[in-house]
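Engineer: Need a 3D model of the sequence below.
(2 chains)
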There are 2 protein chains.
Amino acid sequence: VEAGTGPVTIEPLRFADGALQVLDQRALPGEERWIRCETVEEVADCIRTLAVRGAPAIGLAAAYGMALAAPENRVAAAELLRSTRPTAVNLAWALEQCREAPDALAVARRLHREQDEADRRLAGLGAQLFAEGTRALTHCNAGALATGGYGTACGVLRAAWDSGRLAEVWVDETRPLLQGARLTAWELRQAGIPHRVVADAAAGSLMARGQVDRVVVGADRIAANGDVANKVGTYPLAVLAERHGVPFYVAAPLSTIDLATAHGAAIPIEERDPGEVVADGDAFNPAFDVTPAELVTAIVTEAGVLQPPYADSIGRALAG
Amino acid sequence: VEAGTGPVTIEPLRFADGALQVLDQRALPGEERWIRCETVEEVADCIRTLAVRGAPAIGLAAAYGMALAAPENRVAAAELLRSTRPTAVNLAWALEQCREAPDALAVARRLHREQDEADRRLAGLGAQLFAEGTRALTHCNAGALATGGYGTACGVLRAAWDSGRLAEVWVDETRPLLQGARLTAWELRQAGIPHRVVADAAAGSLMARGQVDRVVVGADRIAANGDVANKVGTYPLAVLAERHGVPFYVAAPLSTIDLATAHGAAIPIEERDPGEVVADGDAFNPAFDVTPAELVTAIVTEAGVLQPPYADSIGRALAG
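Structural biologist: I've put the predicted structure just below:
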């Protein structure tokens, strides 16, 4: 399966005229609003406040942010950008790519291009895991908005649709910030892919009724043993998928894998403002959860579909 | 453990001066708005539109609705009220209690009083299942608002708090209509019980971190074999609880048990307006799900704490 080669029409990040233009994902789908960042502080604000979100996309935004820093301020700029969000390892990874480069903008542009290429490769590989008529369920948004390219989990869905293997997508609304209902549904609508939004809590009954054939999600960090941090709510889906014999796929570029993190318990889980959950009252708002490797059927990367045991397959993929 | 004997300060239903006053639960917690129903049609509207909700409370509302019907219209009135919502069996049960009664209002008042008594008994029994320092998780609202009495799952929480066994409650916000974040949090706040609201999808990570000692929920219908229909999202909690060795309790009066329903697959599951999930776009909105009896640690009723196998313990409780 080859991922569609048409132009990516959804571009969350554009660099031109010495500034990074960030598509404000908080305003989607109602409004297409762009934020012009001329300083590294403005980019950091965009990442912290979720104007740009998605593990690969915040890595790219950080790389472009480095291009806005004066050469003598790059150490402080990297520190500021790294501090914005703790869970997605792509952020630290992208900053590392820029660290010694004489031309940060050239690095950012290269990473951006490579992300799109990686997305398309993994999308094509992932689509081959779908039989004709597949009803897939996804959580949060791992689409073009989240990567700056073709999308990871949503890229797999797009490639599966283009190759006639996808019947419909169940879209978890993804509380508290509704990235599924707002962003994934918007992307799927633009791609002409049939979909229905469901409350996150409805995924269990969909699986119990036999209405889900595949679960496919993105990732914010994958530990060396294959444990996966992703948007809170991913772990319950994996537990339910196992119970119902539904394959559970994680689609992510190799840059999401962190060999320095031995297992999921070592991944820092961001806790966000309780006000995202309730306007008034006490709340607890962990943004991510950890799915143990034993519940992951396969990890779809641009270097191939990794199978358990992940310590081995991840090692080979990163060595290769 | 004895459930608190103080006055129930939260009364969703009041009958006086020939009319049923319904506390509009759609407006809570922001506003305490009362709807005056002088006709059976107005009561049916309140049930259908969720001004009053919760399996026992809609049963009581229907009984009061029968008291508003002229004697010659009672068959049609019962049919109208029964048609409002399909899943909660308490609705049909309450109508059955009124069917042949010469004085429907007297029956409604008796059912109302008996509900409060049953709630208090089961609350006391359920609280004994909690050890000191218990952190409990609940879903949706099975409190005074849902029963017209002391509450079932929330009644257990109140009695556990009053007897010093409860440390904190995790409140699932319960999308799409947020009965947890709006109603349960409001009830717990009035009772002075520490609680934090979480996105429904966060329950898995709370359990994985060992932060949940008990799950307690209500029920809309319990089949003869112990399968439980309750607010959508209950089934995933039961699956997660089993994985993490967390006891999963269902608290419900005997009137929620339907011997005519052999098992969960025979329970009609209401599908509500997709507009409750997304304002604009395609959505699927099942209001309930079914938790198989094998995942239920115990069913707490006013006649005792029922243990598996439920076909036996339910039969004995209803015969007794």
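Engineer: Which positions in the stretch 51-200 of chain A make contact with chain B?
Structural biologist: Within the stretch 51-200 of chain A, the positions lying close to chain B (CB under 8 Å from any CB of the partner chain) are A:139, A:170, A:172-176, A:181, A:185, A:189, A:194-200. For the C-beta atoms, the positions are set from N, CA and C on the backbone; glycine is no exception.
Engineer: Can I have the buried ones of the residues you listed as a ChimeraX selection?
Structural biologist: Buried residues among these (16 or more other CB atoms under 10 Å in any protein chain shown), as a ChimeraX selection:
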select /A:139,170,172,173,174,175,176,181,185,195,196,197,198,199,200
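Engineer: Mind checking which of the residues of the stretch 51-200 of chain A next to chain B are in helices?
Structural biologist: A:A185, A:R189 (DSSP state H).
Engineer: how about low-confidence regions in chain A?
Structural biologist: Scanning chain A for pLDDT under 70 picks out A:1-8.
Engineer: remind me, longest helix of it?
Structural biologist: helix A:104-127.
Engineer: quick one: buried residues of that helix?
Structural biologist: Residues of helix A:104-127 classed as buried by neighbour count (16+ other CB under 10 Å): A:104-105, A:107-109, A:111-112, A:114-116, A:118-127.
Engineer: Run the chain-centre distance for stretch A:81-91.
Structural biologist: Centre-to-centre, stretch A:81-91 and its host chain are 13 Å apart (CA atoms, centre = their mean, to the nearest Å).
Engineer: what does stretch A:124-132 give?
Structural biologist: The answer for stretch A:124-132 is 19 Å, by CA atoms, centre = their mean.
Engineer: For that stretch, give the distance from the opening residue to the closing one.
Structural biologist: Start-to-end span of stretch A:124-132 (CA to CA, to the nearest Å) is 15 Å.
Engineer: Tell me the residues of the stretch 201-320 of chain A that contact chain B?
Structural biologist: By CB under 8 Å from any CB, the part of the stretch 201-320 of chain A that sits against chain B consists of A:201-206, A:208, A:232-233, A:235-236, A:239-240, A:243, A:269, A:274, A:277-278, A:281-286, A:289-290.
Engineer: So which of the residues you listed are in helices?
Structural biologist: A:A203, A:G204, A:S205, A:L206, A:A208, A:Y235, A:P236, A:V239, A:L240, A:R243.
Engineer: can you list contacts of stretch A:93-105?
Structural biologist: The contact list for stretch A:93-105 (CB atoms under 8 Å, 6 or more residues apart in numbering or on different chains) reads A:15, A:59-60, A:62-64, A:66-67, A:69, A:74, A:78, A:81-82, A:107-108, A:111, A:255, A:258.
Engineer: ok, and for that stretch, which residues are buried?
Structural biologist: A:W93, A:A94, A:L95, A:Q97, A:C98, A:A101, A:A104, A:L105.
Engineer: could those go into JSON lines alongside secondary structure?
Structural biologist: Converted to JSON lines, the buried residues of stretch A:93-105 look like this (DSSP: H, G, I helix; E, B strand; the rest coil):
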{"residue": "A:W93", "secondary structure": "helix"}
{"residue": "A:A94", "secondary structure": "helix"}
{"residue": "A:L95", "secondary structure": "helix"}
{"residue": "A:Q97", "secondary structure": "helix"}
{"residue": "A:C98", "secondary structure": "helix"}
{"residue": "A:A101", "secondary structure": "coil"}
{"residue": "A:A104", "secondary structure": "helix"}
{"residue": "A:L105", "secondary structure": "helix"}
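Engineer: Out of those residues, which comes closest to chain B?
Structural biologist: The nearest member of the buried residues of stretch A:93-105 to chain B, counting by CB to the nearest CB, is A:W93 at 24.1 Å.
Engineer: The stretch 1-150 of chain A: strands as residue ranges?
Structural biologist: A:13-16, A:19-23, A:34-37, A:134-138 (DSSP state E, counting those that start in this stretch).
Engineer: Which of those has the highest mean neighbour count?
Structural biologist: strand A:134-138 (a mean of 24; mean count of other CB atoms under 10 Å in any protein chain shown).
Engineer: Return the residues in contact with A:A317.
Structural biologist: By CB under 8 Å, 6+ apart, the contact list for A:A317 reads A:L254, A:I257, A:T301, A:A303, A:G304, A:L306.
Engineer: Export these as CSV, with columns for neighbour count and secondary structure.
Structural biologist: What follows is the contacts of A:A317, written out as CSV (neighbours: other CB atoms under 10 Å in any protein chain shown; DSSP: H, G, I helix; E, B strand; the rest coil):
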residue, neighbour count, secondary structure
A:L254, 19, helix
A:I257, 26, strand
A:T301, 27, strand
A:A303, 19, coil
A:G304, 17, strand
A:L306, 24, strand
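Engineer: Could you give the number of residues near the residue nearest to A:A123 when sequence neighbours are not counted?
Structural biologist: Closest residue to A:A123 apart from its sequence neighbours, by CB to CB, 6 or more residues apart in numbering or on different chains: A:G155 at 3.4 Å. By the measure other CB atoms under 10 Å in any protein chain shown, the count of residues near A:G155 is 33.
Engineer: So A:R14 sits against A:C37, correct?
Structural biologist: No: the criterion here is CB atoms under 8 Å, and A:R14 misses it with A:C37 at 10.8 Å.
Engineer: got any residues that touch both of those two?
Structural biologist: By CB under 8 Å, 6+ apart, the residues touching both A:R14 and A:C37 are A:L20, A:Q21.
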